[in-house]
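> Structure for the following, please:
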Amino acid sequence: MYDVLIILLLFPIFLAVSYITKKILLCNNLGPFRPFINALRFIGVVVHELSHFGMCLLVGVRPTGFSVKLKSEYSNKTDPHGSITIDTHNITFLQKMLIALAPLFVSTWLFFLSLEIAFTTQFNPFLRVLAGFFCLTLFLGATPSTVDFRSISHTFKDDPGYSCYQIALVILSGFLVLVLLAYYRFALLFDLFYFILTGIGYGILKYSFMGFNRLLRRITVGDDKSSREINYKKFSRRRFKPTKPRKLGIEEAHW
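Numbers count the residues shown, from 1 in each chain. From the prediction side, this is the model:
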């Protein structure tokens, strides 16, 4: 239980450290080390955009474009960057938030995995050195962009009521998972399983509330025939029916 809370606290800490590291390396003139830093940045950008792409597939949002570039299109200078476009039709706040913050989640877990490899003597020394450099690339690519944060805010404002409902379900499902794990004294093999169980709990709560809402409507409205006819007329589509021409001895033209 405490391990999960520590991980939740590590996300904002990793975000702050990543942002500071990125600003320091980009604002200072590193001289001959600049190409090396750009190479690390490019790997970080690849991880960043792949995190967005993978989360899109995970939450059921269709990605429509993916690009990673080493040089700027305007100045032709080395400036690693990337982008991903998605189908925003009927996208919810929770989907948008998970997609936008995916680089932070993925980079945090990859960082501690790489850090463990770097400090474990059983691994090959060359692999340990690569893991150490990979930790730096994750620092350079973990921070969500300004566009990512703005998209979360805009999606929330589109439907604040349903967005708050989704936040409440996530908090409730996470709390219930913690309570059940503590009650049955069940230890998870990996902390990642807690977030998977929270997602499963979110789905169970969501569809349970939807079913209860439909049952309540059926009990409240009843099976009255007139109510069904009213609802049918309200949501049915009217078809255009041309009127027959008046007969005045000679049939008029159909226009």
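
> Please enumerate the helices of the chain.
2-27, 34-59, 93-118, 125-141, 146-158, 160-183, 192-221, 225-235 (DSSP state H).

> okay, the ones you listed in CSV with mean pLDDT, mean neighbour count and distance to Gly82 next?
Every C-beta, even on glycine, is put in place using the N, C-alpha and C of the backbone. Listed next are the helices of the chain as CSV, based on pLDDT from 0 to 100; neighbours: other C-beta atoms under 10 Å; distance: least, C-beta to C-beta, whole Å:
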stretch, mean pLDDT, mean neighbour count, distance to Gly82
helix 2-27, 79, 13, 15
helix 34-59, 91, 18, 4
helix 93-118, 91, 20, 11
helix 125-141, 90, 18, 9
helix 146-158, 89, 14, 12
helix 160-183, 92, 14, 27
helix 192-221, 90, 13, 25
helix 225-235, 45, 9, 44
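
> how about those in a markdown table, adding distance to Ser72?
Shown next, in a markdown table, are the helices of the chain (distance: least, C-beta to C-beta, whole Å):
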| stretch | distance to Ser72 |
| --- | --- |
| helix 2-27 | 14 |
| helix 34-59 | 12 |
| helix 93-118 | 21 |
| helix 125-141 | 17 |
| helix 146-158 | 17 |
| helix 160-183 | 35 |
| helix 192-221 | 36 |
| helix 225-235 | 52 |
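
> out of these, nearest to Ile84?
Nearest of those to Ile84, taken as C-beta to C-beta: helix 34-59 at 4.7 Å.

> gap between the closest one and the chain center?
15 Å (C-alpha atoms, centre = their mean, to the nearest Å).

> any idea of the angle that helix forms with helix 125-141?
80 degrees (axes from the mean of the first three to the mean of the last three C-alpha atoms, to 10 degrees).

> re earlier: so which of the helices of the chain is nearest His81?
Nearest of the helices of the chain (C-beta to C-beta): helix 34-59, 6.2 Å.

> out of the helices of the chain, nearest to Pro80?
Here helix 34-59 is closest among those (C-beta to C-beta), at 4.0 Å.
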